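Novice: let me see the structure of the following:
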Amino acid sequence: MTGHEATGRHDVVIVGCHLTTSLLAAILARYGVRVAVIKTADDGIRPAGETTVPYTAELFFLLGDRYDIPELSSLGTFDELPRWLRGTCGVKRNLGFLYHREAAAHDPAQSLQFVVPGEHAEWHLYRPDVDEYAAAVAGRYGATSYQTAAAPGGVTVGTRGVSVRLTDGRVVEAEYLVDGSGDATVLAEGLPRLDPAAARHRGRLLYAQLTGVREFESIVPLARYRKARSWTEGTLLHAFDGGWVQVAPFGNHADSANPRWSVAASFDPARFPVADRRPDDDFGHVIRRFPELRLQFADAVQERPWVRYEQWPARAARCHGPRWFLFDRSAVRHDLLLSRDLTMSLEMLHATAAGLLAVARAGDWAGDGMAAAASFQLGLFDWHDRFVAAGRTATEGFALWNAYLRSWLLWSILSALSLKRARMDGAGGAGPERWSAVEQFDQAEYWYPVPAGLPEFMRATISGFEAVRAGASPDVEADRVYRRLRRERFVPPLFAFGDPSARYYQFSRARRLRMLLWTKTVAPSDFRRLLTADNVTAVAASHQPAAAGARRER
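Specialist: Numbering: from 1, shown residues only. Now for the predicted structure:
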């Protein structure tokens, strides 16, 4: 890690060294806050988000523009990454979804694929190197880093300050603690722990990095999927009743030197009880029920061994108090489905950075200045928890799963466009209020302006899936979703969202022209600013300094 070790009292000490804690340190240091980052033994072990979607990219662009750190913007575009980092990370040109039934051959009619528009450059994050890069960025902006980890039970919060004891016996002192480690062994006495009972969604998470995974198109010929592109060019999600397996290759482009595949599985513990199996046997026991999954992993070799977490979704009852704040993985943890883990972490980073900078300006470290950011974190979790629980219900059959995915895609597209518009307005504005549109943290998941009708649509959709979980008909609810998609005025004609047979989504030139015509004629007024040419096609310009791409010698 770059940076330096220093003596003296810090303003903020951050426990946990990974992507979001390091980026938080970079932002604070950029504005003169004396900040230190301390790693823990758990940092490189815990599973974390490794895939992006256009909305994730917009969050990186927002953070870069809002806090004037070009390296953050560069993380939103694969092509702008340092060359060495591109060499270990994967590209993401599409999102593929294949639905499977036990003991049956996969039916190509039960598939979807969303192709990432050409103006975007999504990617798969190889977290060991991405986390290292983020730590280097924090060091460049003046954050202090400690090479020695925090000792178990070494964090203390007092009325006059906080301290962190390291494993070598040294003690780091500060005015304020941010714990983003997710490691309960170092958490200060009396601070809330993560509670699985607070989550609606129930999931057992398994994670590994493998080599020897077969490309799915070598198992089922791509021609059988009509308009689909190579599944290996993006993230592939296998779904079945009670679970899903996400597969993300790091070696899927010509410049890659990383043959690993990230594999994350989430199983309903009631549907697939664990018994006494090892994690690798647990994974194999489930996927052997599905012929093509069994073939895809038949020759796989563990490079990063399987880890398993029972009752993975969890959140703390509180995440702030006098002189302390639980951030990201110490406050909440959830499923890796649909890039939401990484995306939600960046949303929390945005709110936490804004809150801490305000606290630092006021100098009131023992006050209640982080209440809004704390409430925002918990509100995001609660919405995401309902959304993922609805996804688990949707896996009961393809019709409902199909309806769920296109609802998510609509929400994701409109959220990305809305955030881009608000970001561009803020970047082009002046005065202290220019970023107010992207700091409506009391609105939880809608913390920036979105088209009228979108929140109501998503609430109705999620409520419908909850009704299915309680016994309502899956087919009836799927039909309701399609009818809403056909009826709502805010649903753009970008794709045939309301047609269950339209399962391949590519943003073609014809669709762009159709969108432009719709925007200029019948689109609701609040869409007109979202769907301007610059907002639909523009991406953040690169400002990355050349030196930021230099890799630390190992």
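Novice: name the element the closest residue in space to Gln296 that isn't next to it in sequence belongs to?
Specialist: Distance criterion Cβ to Cβ, 6 or more residues apart in numbering; nearest residue to Gln296, sequence neighbours excluded, is Arg214 at 5.0 Å. Every residue, glycine included, has its C-beta placed from N, CA and C. Using DSSP states H and E, Arg214 sits in no helix or strand.
Novice: tell me the pLDDT at Arg214?
Specialist: Per-residue pLDDT puts Arg214 at 98.
Novice: quick check: the gap between it and Phe97.
Specialist: Counting by Cβ to Cβ, to the nearest Å, the separation of Arg214 from Phe97 is 18 Å.
Novice: of the two, which one has the most company?
Specialist: A direct count of neighbours by other Cβ atoms under 10 Å for Arg214 and Phe97 places Phe97 higher, at 23 against 16.
Novice: I'd assumed Gln110 was in contact with the more buried one.
Specialist: No - with contact defined as Cβ atoms under 8 Å, Phe97 does not count as touching Gln110 (9.1 Å).
Novice: Ser74 versus the residue nearest to Gln296, what's the distance?
Specialist: 33 Å.
Novice: do Asp107 as well
Specialist: Distance from Asp107 to Ser74, by Cβ to Cβ: 41 Å.
Novice: which residue is the nearest non-sequential neighbour of the residue nearest the centre of the chain?
Specialist: Centroid-nearest residue in the chain, with Cα atoms, centre = their mean: Leu342, separated by 2.1 Å. Counting by Cβ to Cβ, 6+ apart, Leu342 lies nearest to Gly49, which is 2.7 Å off, once chain neighbours are set aside.
Novice: returning to what we had before: Asp107 and Ser74: who's more crowded?
Specialist: Neighbour count, other Cβ under 10 Å: between Asp107 and Ser74, Ser74 has more, with 26 against 13.
Novice: correct me if wrong: the more buried one contacts Leu63.
Specialist: No - in this structure, Ser74 is not within contact of Leu63 by Cβ under 8 Å, at 10.9 Å.
Novice: SS state for Asn258?
Specialist: Here Asn258 is recorded as coil under DSSP: H, G, I helix; E, B strand; the rest coil.
Novice: residue contacts, it?
Specialist: Shown in contact with Asn258 (Cβ atoms under 8 Å, 6 or more residues apart in numbering): 87-90, 126, 250-251.
Novice: now swap in Leu19 and tell me
Specialist: 48, 125, 127, 130-131, 134, 345.
Novice: which one of those is nearest to Ser22?
Specialist: Ala134 (3.7 Å; Cβ to Cβ).
Novice: quick check, that closest one in a helix?
Specialist: Yes - checked against three-state DSSP, Ala134 lies within a helix.
Novice: what is the neighbour count of it?
Specialist: 26.
Novice: next, count neighbours for the nearest residue to it once chain neighbours are set aside.
Specialist: Spatial nearest neighbour of Ala134, excluding adjacent residues (Cβ to Cβ, 6+ apart): Ser22 at 3.7 Å. Number of residues near Ser22 (other Cβ under 10 Å) recorded here: 28.
Novice: make sure Ser22 is actually in contact with Val130.
Specialist: No - in this structure Ser22 lies outside contact range of Val130 using Cβ under 8 Å: 9.7 Å.
Novice: longest helix anywhere in the protein?
Specialist: The residue-count maximum for a helix in the chain (DSSP state H) belongs to helix 398-427.
Novice: packing partners for that helix?
Specialist: Counting contacts by 3 or more Cβ pairs under 8 Å, 6 or more residues apart in numbering; DSSP states H and E, helix 398-427 packs against helix 54-67, strand 94-99, strand 111-115, helix 371-394, helix 454-469, helix 474-487, helix 533-537.
Novice: now with 6 Å, please.
Specialist: For helix 398-427, the elements it packs on are helix 54-67, strand 94-99, helix 371-394, helix 454-469, helix 474-487, judged by 3 or more Cβ pairs under 6 Å, 6 or more residues apart in numbering; DSSP states H and E.
Novice: in that helix, which residues are buried?
Specialist: Using 16 or more other Cβ atoms under 10 Å as the test for burial, helix 398-427 gives 398-426.
Novice: and it, how far from the chain's centre?
Specialist: 14 Å (Cα atoms, centre = their mean, to the nearest Å).
Novice: quick one, that helix and helix 371-394 angle?
Specialist: 160 degrees (axes from the mean of the first three to the mean of the last three Cα atoms, to 10 degrees).
Novice: lowest-confidence helix or strand of this protein?
Specialist: Lowest by mean pLDDT, DSSP states H and E among the helices and strands of the chain is helix 533-537, with a mean of 59.
Novice: shaky segments in this structure?
Specialist: 1-8, 508-512, 531-554 (pLDDT under 70).
Novice: how is it partitioned into domains?
Specialist: Listed by automatic domain parsing, the domain ranges of the chain are 10-86+125-197+315-388, 92-123+203-309, 397-436+451-537.
Novice: could you identify which of these is most buried?
Specialist: Mean neighbour count (mean count of other Cβ atoms under 10 Å) peaks for domain 10-86+125-197+315-388 among the domains of the chain, with a mean of 21.
Novice: mind listing the helices for the stretch 51-200 of the chain?
Specialist: Listed in chain order, the helices of the stretch 51-200 of the chain (DSSP state H, counting those that start in this stretch) span 54-67, 70-74, 83-86, 127-140.
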